[in-house]
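**Student:** below are the sequence and a predicted model; questions follow.
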Amino acid sequence: MNTPVHVEQSDGIQIITINRPEVRNAIDTDTAVAIATALDELDHRDDLVAGVITGAGRTFCTGMDLKAFLAGERPSVEGRGFAGITEKSPAKPLIAAVEGHAVAGGFEIVLACDLIVASETAIFGLPEVKRGLLAGGGGLLRLPRRVPHQLAVEWCLTGEFVSAATAYEAKLLNRLVPEGTALEEALRLARTIAKNGPLALRATKEIIAQARDWSNAEEFDRMREIYEPVRSSQDAQEGARAFKEKREPVWQGR
């Protein structure tokens, strides 16, 4: 694992590991490009249904590599943003498996994921204000949608770190697990998701992501535009047939 990002596949799941433990998995340009490439692969490969992103060692990610930044690097990818993910997450479900610190841009990577599994010793936070900066990688946009508004405001304005227990109580996390088991639990959750119809999963994520921008008058029409192609798909027929025949469906993604 000598590359900045290690990618492997298992049971229809893409496992993306930020692999710079010597700098607490901080993001430089090469790492951002590698993450973006892995997410493109996740979306384009028919045999992959979901993804998990994690960090090597005992840290998820501490954000931007400041040495690389001072050297003139911008750890972003056009169209995908910081770390190759914060402005555009994949079309397929993505789970963050968090051990240790997920702070600054690292927390923004987590917030770009659909689901979050964290160990009991994980730490979250957007400390940019302590350095006269702000969380420009989507943290200020996404955090108020994921936790109660007043908590989001407090966390963003104080820049203080947040424990995994507090994040779980705020309903930010899907799973809170013992130290060292976040990836294992995230993979278990991903396998449960991966059993479902791939077309239905992508459409479900798309509707959830877009619905916040739809008015009451248009929301069902907009939803039907996404829903109807799935309903008329071969997979929908296979799902109904498998239920009737009391067997597991065999998805084709068509």
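**Tutor:** Nice, I can see it.
**Student:** C-alpha only now, for contacts and for neighbours.
**Tutor:** Will do.
**Student:** which is the next helix or strand following the helix or strand hosting C156?
**Tutor:** C156 is located in helix 149-158, with elements delineated by DSSP states H and E. Using DSSP H and E, the helix or strand that follows helix 149-158 in sequence is strand 162-163.
**Student:** follow-up on the earlier one: tell me the buried residues in the helix holding C156?
**Tutor:** Judged by neighbour count using 16 or more other Cα atoms under 10 Å, the buried positions of helix 149-158 are A152, W155, C156.
**Student:** ok, now stretch 162-175?
**Tutor:** V162, S163, A164, A165, A167, Y168, L172, L173, N174, R175.
**Student:** repeat that for stretch 196-211.
**Tutor:** N196, G197, P198, L199, A200, L201, R202, A203, T204, E206, I207.
**Student:** and if you look at stretch 110-129?
**Tutor:** In stretch 110-129, counting by 16+ other Cα under 10 Å, buried: 110-128.
**Student:** what's the span of it from first residue to last?
**Tutor:** Length of stretch 110-129, first residue to last, Cα to Cα, to the nearest Å: 19 Å.
**Student:** got it, and stretch 43-51?
**Tutor:** 9 Å.
**Student:** in the chain, which spans are strands?
**Tutor:** 5-10, 13-18, 50-55, 76-77, 81-82, 94-98, 101-103, 115-119, 123-125, 162-163, 175-177 (DSSP state E).
**Student:** burial measure for G132, as a count.
**Tutor:** Using other Cα atoms under 10 Å, the number of residues around G132 comes to 7.
**Student:** start the count at 40 instead of 1 going forward.
**Tutor:** Renumbered: residue one is now 40, and that last one reads G171.
**Student:** so for it, what's the pLDDT?
**Tutor:** Per-residue confidence at G171 stands at 91 (pLDDT).
**Student:** what of M40?
**Tutor:** At M40, pLDDT is 55.
**Student:** what of K244?
**Tutor:** 94.
**Student:** quick one on the thing from earlier: let's have the buried residues of stretch 201-214 in CSV, adding distance to G176 and pLDDT.
**Tutor:** As requested, those are exported to CSV (distance: Cα to Cα, whole Å; pLDDT from 0 to 100):
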residue, distance to G176, pLDDT
V201, 18, 98
S202, 21, 98
A203, 21, 98
A204, 24, 98
A206, 20, 98
Y207, 22, 98
L211, 18, 98
L212, 20, 98
N213, 22, 98
R214, 24, 98
